[in-house]
Structures are given as structure tokens and as C-alpha cells.
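Visitor: Sequence first, then the predicted structure, then my questions.
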There are 2 protein chains.
Amino acid sequence: MDALSAGPKGVVLTERQRIAWLRLIRSDNIGPATFRDLINHFGSAEAALAALPELSARGGATRAIRIASEGEAHRELEAAHRFGARFVGIGEPDYPQALKQIDGAPPLLAVKGTLAAAKRPAVGIVGSRNASIAGAKFAAMVARDCGRAGYTVVSGLARGIDTSAHRASLDTGTIAALAGGLDQPYPPENIGLLEEITGGNGLAVSEMPFGWEPRARDFPRRNRLIAGIGLGLVVIEAAARSGSLITARLAGEFGRLVFAVPGSPLDPRCHGTNGLLKDGASIVTAPADVVEALAPLAQFDLFPSSMAEEPAPDGKPMSMPPGDSDRNRIIDALGPTPVEIDDVIRHTGLSASAVYLILLELDISGRLHRHQGGLVSLSD
Amino acid sequence: MDALSAGPKGVVLTERQRIAWLRLIRSDNIGPATFRDLINHFGSAEAALAALPELSARGGATRAIRIASEGEAHRELEAAHRFGARFVGIGEPDYPQALKQIDGAPPLLAVKGTLAAAKRPAVGIVGSRNASIAGAKFAAMVARDCGRAGYTVVSGLARGIDTSAHRASLDTGTIAALAGGLDQPYPPENIGLLEEITGGNGLAVSEMPFGWEPRARDFPRRNRLIAGIGLGLVVIEAAARSGSLITARLAGEFGRLVFAVPGSPLDPRCHGTNGLLKDGASIVTAPADVVEALAPLAQFDLFPSSMAEEPAPDGKPMSMPPGDSDRNRIIDALGPTPVEIDDVIRHTGLSASAVYLILLELDISGRLHRHQGGLVSLSD
């Protein structure tokens, strides 16, 4: 049993495995889904790393993909240790329980602070950066009462609602999910708050490399961590088309409870939250609404890894690479419209393991796009 | 066919009938439900008036009930005419369409103003007397857009939301439902607004006698008119346990669409409206939400009278009064717990007409209580 198919208690990675995992996830064209498929196919990150050049070439890459070296991985691990941080793998006991379950969960999380915060059930609290006084106060009330009820509060360290939610749960435990590297917090005015979090009962988490400055596109990606770590997400004040609504959409896709706080239709800060209510989010008018709705979920410890597939029975990769004719059938079957992998298998009549391997090749060569819900499409 | 079982166009009462109706509804122990049963049983208000003393005595009244005299009814009609008002019976064409349908609709409404306002589909808009600026503004937006879409706006002439809703629909048509007599408007500062309503495209309505000063208990009774006249009810800002919530509850019981505008959980003026949203009211963040939801209802002209029962086939009252043994069986079967009349019929094995007549006797003698949904109980 490897770490990816570990039971609820998890299995601790060896240092050699951790280096290989870090190299694999930091290599070109390897996202969380590709990482999972590689581990499941080749049985280990080390075997996957060895196979990458050939996979990439067979998939039709025009030039060799960049594979992170052992030296780079060592340097990142050392930087993390100097910073007081470390890396937790998805099958390990310290990995946030609920996050394991989501599509595209990060294989490795850089974490700094009190790991106990990641082991309790959590609730996300997010909202406007330019929150109203009432909104900030209500966020603090919800965070405080959820904290007292035993939940870790997860948020994004942003100004406004996020700040208010973190502050109110400093004592009981809070997780700040960062869009950049752990050593690149944003916004600058919340660096002090982050230090209070990681120096106290809280935790900072990031899937990005040390030194990574967050760009605009990294925030939606980070939002899926907030949505995935919590059993539920409370949105307090959110304008139309705001980042909080992305988090809410992701939370809904992950099957999380989505809560929204009502507000005046004439306050633009409430357009997003009122819209969530129209779309079926649970209305929150008191912290107890959240605590009571989460209670039935929190009593179960029911988050099996979504990467529970076993590697090939002999623990070794399929020795015979698929032939060109099989590869061409799959390329012909794919197009710019996302389709389910099961449909590719049915349509081509190839074995599932051949299809998965060819898709991996195309993926690693940069030609495959992976979409929410496990759909795939081919680049033009 | 009498006025109570009239078709959609309605039947106009003769002046003699109107006097008899007014006498009957102004007599002791005669509410709308008893009025309906009396007309259905005796075929006319005049025949019912003639039967009242005997019914009351048979029902066990300890003293004769007060029956409004012809002189009193004439004087009230004259007062109404001098005031520029008149009385509209429930089967008449000018009676508000949707109101006919509710349990306990008033048999006669005193009305003043433009009757066209009562013939269009209507929407109720109510809320806090101490409305916020935003609440008052939103009420005006909803009233204006509903008015433009062809709806008459009905409200209660109160300060705050009601005032705002009436003002914004002065041009398109608005109905003020009063808790006291038409000549006793409340609050005093809205007398000018009421004059604008009745002097323009609007209408004032009341079921109470001329000269009746409204007491606290008259307001919930009046609220059922607002709930009943509208196809839907929009609640904009309402504190917990406020009158607007009574109106909303009644609107729900009448099968009306209930809308509520969200607001901050920290604003006590929004506790009632947010509570309605929790209980399943439709959320309103823009006037179009109301207009679009009402449209499918407003295209039908589907409000048959709930008093559609025909009188006894020969048009005359049952000539044989029920005997004491039958009456005692019913008295024994009733108690302080409200029960359905059908259950009384089944339990006693008596004919439906005998049961209805005995219940009428008990009702008129002041011993029967009638409850929402047609249930009855006996006083201790």
C-alpha cells in the first residue's frame, strides 16, 4: 500500500519518496491529476520520473519537458525547513482530511504552524475585501462560534472578511491558504496576522513553490484549497463576479455545504451573496445556522482518498508501451470538446490501462487538457 | 343564482339586498363565515335576518343578540355616500377579484376612489414603519415596476415601507386597506396621502363600519385584506414578531406567493424578512423578481367565489328546525379543540344540512368559535 491509497490514518512518506514527489509535482505539465495518474500507473513517483522523457516523446512533445532535478527538490526542502515549514503528502496523517477527497487535490502541501489545525473538521469563511463594518463583525461572530464548536476556520488572508475571520479564530485555530509560496504572503499588511497564525494555533498552507510570487491566476487556484479544506463554506458579503463566488462554486462542485449571509439588494457587496441564496445556498442569519448544519457532517471521519486506486498488480509499470495505431485512434477520437475518459475507452475499444497511459503521454507532452469532473480534451 | 354564487362578472345587488347585507354583517356574532353560511342556508340576507332571533334562542343564547336595524343600515349607507364612498358586495363585479377566494373574505367592502384599481391583478407590498432609507427606496422601486407591469399595489397606509409603496404607485394605481372605518384613517400624518390615493387612480377599502376607530386587534384583521387582495406579497424589512409577518403568514395560508427582501442579519429590521427567507419565501433582489414570478398567475382570471354553494334547492330555508336531541348530540361532540365540520357530520351521523344549521344556531348565540381552515370549537 502506498501513500496514495492509505487508510484514514495515512502512511508517512520516506524522505526519498518525499523528494521524488516534490520533483514530480514541480516538473513541467504535471498537475495534481496527472500526478495521481502517474503514481497509479507506475506505482511510485520515482518510477514515474524515470518514465517521463519517454512518455513525453511518445505523446508527441516537440522538445523535452523540464523535469525538476533532485538538487532543486533538495534546495526547496531546505528552504522550507529554514523557514520553519515542511511538506505534507496527500496520503499522510497531517494532510487536511477533507481536502484529500477533492478532484485535483495537491499531492504536496507546504505547511507552517500548528498541524492540529489541519486535523479537526474545518469551515471556510470568505468575503469582500472592502467589507462593511457589519459584515466584518458578522464574519467574526461566525468564526468565533465555529471555533468554539470545534471547527478550524480556513480563509485566504485577504483584507476585510478573511482578516476578520482569521482574527476571531486565532485562539481556536485557523488555516490561511496562500496563493503564492509560503514565504510570499499577500497582502503585505497581513504579514503580521500570518505570523500570529503560524506562531499560535494556526497553520499556513500553500501548494506553490517557495519563492513563488502570487499572480492573479493563482488566486482562483488557491480558492479551491479553501473550498476543499472546509466541510462547508460561508460567504459573507461578495460582489458580483468576485473571487468569493469562485470559491463558492468550487465548494458546491466538491459537495460542500455553501452558506451565504443575506444583505441589502442595494449594497453591491451583497449582490454575490444574495445571488448565492437565489441559487440555493443556505441562508445564515446567526452563527448557529452554520454550526448546526455542519454537525451531522463533522461527526463522521469519512474522507477516503480520491486516489485510492491500486497500482498495477505486480507493482511495476505496464511493460509494453501502446502502439502508434492505438495512440492515433485516441488522438482521432479526441477534440477540443471535453469528453469523459470512459467514453474514450468505449469509443476506441482499447483497454482502460492503454487509454490511461496514452492520455498520460499526451498530457505530459502538453497536448491534453484536463477539465473539472475528469473530462479531457485535445489542444488544437 | 344569488350574488354569492355569481360568475366572474358578478351580479349587482339591489339596494334592498345591500341594506339587508349591511344589517346582517353589522349584527352581533355575525362574521364573514357565519354570513356566508346564513346566506347559503336561508337563500338571502333578508331571510337570514328574519331567522336570527329563533336561531339564537335555539342555540342557547342567554339574551337576545343585537340585530342591526334597517335605520342603522340606511344611516351608514348615507354616511358613506356623503363621504364619497360606497359598499361593494362579494359577488359584485367591483369586488377585488382575488379577495373573493379567501377564507373569511368580507361580504361587504366600503370603498372610495377609482374602482379600476380593484379590477387589475394586485400585489401587496408591506414592511417596517421605521424603514431604512435603502428599504424605503427599494419598496418604491418594486412598487413602481409592479405598477408599470400592470399591477395595482396594495398596502396598509402605515409609515415607512407602506407609505413608500403607495407613493410610488399613485400614478399606476394603489389600494390602501384600512383597519378602521374609511373616515378614520391611521396614522394621521398619512391623511394627505390617502386623499391623493382616493382622489387619483387609487382606492381605499375597509370592512369596518363608518366611524370605527381602529384598535390594535383590528390591524391583523385588516392585514388579511392586504394578503387576500394581492396575488403575491412582498415584505421589505420586517422585525421579528411584526405585523408584516402576520400578513406574510396569512398570504401563505391563502396560497399567495410570498416574497422577502434580504438584509443584514445585524439589522433588527431584517430579522423578520430573513426569517421568511429561511421558511421558504422567494428572495427578491430586484423588482423583476416579483414581476416575473407573478406573470404566470396574472394571466388567468381564475378566482371563483369560495361561497359558491347554492342555497337549498327550493330557494327556501329548511322548514323543520332540528330537534333538541340532534342539537345535544352535536354539543356533546364538540369541545374546546377545533374540529372539522365534516368530522362532526360523520361522528353524529346527522345530515349535513342539520349539522350546518345547528352550528349556525350555536354560532349566532355566541357559543361557537370558528377557526382558520373551517374548523369549529365550542366555548367552555
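Guide: Structure received. Numbering: from 1, shown residues only, chains lettered A, B, ... in the order given.

Visitor: Helix, strand or coil: sort out the closest residue to residue A:286 other than its chain neighbours for me.
Guide: In space, and not counting its chain neighbours, residue A:286 is closest to residue B:265: 6.5 Å by C-beta to C-beta, 6 or more residues apart in numbering or on different chains. Heads up, the C-betas are built off the backbone N, CA and C, glycines and all. Following DSSP: H, G, I helix; E, B strand; the rest coil, residue B:265 is assigned to coil.

Visitor: just checking, residue B:265 touches residue A:261?
Guide: Yes - counting by C-beta atoms under 8 Å, residue B:265 does reach residue A:261; the two are 6.2 Å apart.

Visitor: Same drill for these two, tell me which one is more crowded.
Guide: Neighbour comparison, residue B:265 and residue A:261: the larger count goes to residue A:261, with 33 against 24 (by other C-beta atoms under 10 Å in any protein chain shown).

Visitor: what number of residues lie near the closest residue to chain B within the stretch 1-150 of chain A?
Guide: The minimum distance from the stretch 1-150 of chain A to chain B, using C-beta to the nearest C-beta, falls at residue A:134 (4.6 Å). Counted with other C-beta under 10 Å, the neighbours of residue A:134 add up to 17.

Visitor: per-residue confidence for it?
Guide: At residue A:134, the model reports a pLDDT of 94.

Visitor: Confirm that it lies within a helix, as I assumed.
Guide: Yes - counting by three-state DSSP, residue A:134 is part of a helix.

Visitor: which ones are touching it?
Guide: Applying C-beta atoms under 8 Å, 6 or more residues apart in numbering or on different chains to residue A:134 gives the contacts B:264, B:266-267.

Visitor: and with 10 Å instead?
Guide: Each residue near residue A:134 by C-beta atoms under 10 Å, 6 or more residues apart in numbering or on different chains is listed here: A:236-237, A:261, A:263, A:267, B:264-267.

Visitor: Which of the residues you listed has the largest number of neighbours?
Guide: Using other C-beta under 10 Å as the neighbour test, the contacts of residue A:134 are led by residue A:236, with 35 neighbours.

Visitor: if we can go back for a sec, between residue B:265 and residue A:261, what contacts are shared?
Guide: Shared contacts of residue B:265 and residue A:261 (C-beta under 10 Å, 6+ apart): A:134-135, A:138, A:142, A:236, A:283-286, A:289, B:274.

Visitor: out of the residues you listed, who has the most neighbours?
Guide: Sorting the shared contacts of residue B:265 and residue A:261 by how many neighbours each has (other C-beta under 10 Å) puts residue A:236 first, at 35 neighbours.

Visitor: Chain neighbours aside, what residue packs nearest to it?
Guide: The shortest distance from residue A:236 to any non-neighbouring residue, by C-beta to C-beta, 6+ apart, is to residue A:127 (4.0 Å).

Visitor: residues in the stretch 101-250 of chain A within reach of chain B, list them.
Guide: A:132-135, A:137-138, A:141-142, A:236-237 (C-beta under 10 Å from any C-beta of the partner chain).

Visitor: now the strands for the stretch 251-380 of chain A?
Guide: Listed in chain order, the strands found in the stretch 251-380 of chain A under DSSP state E, counting those that start in this stretch are A:257-260, A:282-283, A:339-340, A:368-370, A:375-378.

Visitor: Give the buried residues for the last one.
Guide: What it means is strand A:375-378. A:376, A:378 (16 or more other C-beta atoms under 10 Å in any protein chain shown).

Visitor: coming back round to it: can you add distance to residue A:157 and give the shared contacts of residue B:265 and residue A:261 back as CSV?
Guide: Converted to CSV, the shared contacts of residue B:265 and residue A:261 look like this (distance: C-beta to C-beta, whole Å):
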residue, distance to residue A:157
A:134, 22
A:135, 17
A:138, 19
A:142, 17
A:236, 16
A:283, 27
A:284, 22
A:285, 27
A:286, 26
A:289, 25
B:274, 29
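
Visitor: Tell me if I am right that residue A:235 is in a strand.
Guide: Yes - assigned with three-state DSSP, residue A:235 falls within a strand.

Visitor: who touches it in this structure?
Guide: A:124-128, A:161, A:242, A:244-245, A:247-248, A:251, A:258-261, A:272-273, A:275-277, A:281, A:284.

Visitor: How about the residue of chain A found nearest chain B: what's its closest non-neighbour residue?
Guide: Residue of chain A nearest chain B, by C-beta to the nearest C-beta: residue A:262 (3.1 Å). Spatial nearest neighbour of residue A:262, excluding adjacent residues (C-beta to C-beta, 6+ apart): residue B:262 at 3.1 Å.

Visitor: what's the burial count for that neighbour?
Guide: By the measure other C-beta under 10 Å, the count of residues near residue B:262 is 26.

Visitor: Does it touch residue A:281 like I think?
Guide: No - in this structure, residue B:262 is not within contact of residue A:281 by C-beta atoms under 10 Å, at 11.4 Å.

Visitor: Give the residues shared as contacts by the two.
Guide: A:260-262, A:273-274.

Visitor: can you list those in JSON lines and add distance to residue A:49 and pLDDT?
Guide: Formatted as JSON lines, the shared contacts of residue B:262 and residue A:281 follow (distance: C-beta to C-beta, whole Å; pLDDT from 0 to 100):
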{"residue": "A:260", "distance to residue A:49": "44", "pLDDT": "98"}
{"residue": "A:261", "distance to residue A:49": "47", "pLDDT": "98"}
{"residue": "A:262", "distance to residue A:49": "51", "pLDDT": "97"}
{"residue": "A:273", "distance to residue A:49": "45", "pLDDT": "98"}
{"residue": "A:274", "distance to residue A:49": "49", "pLDDT": "97"}
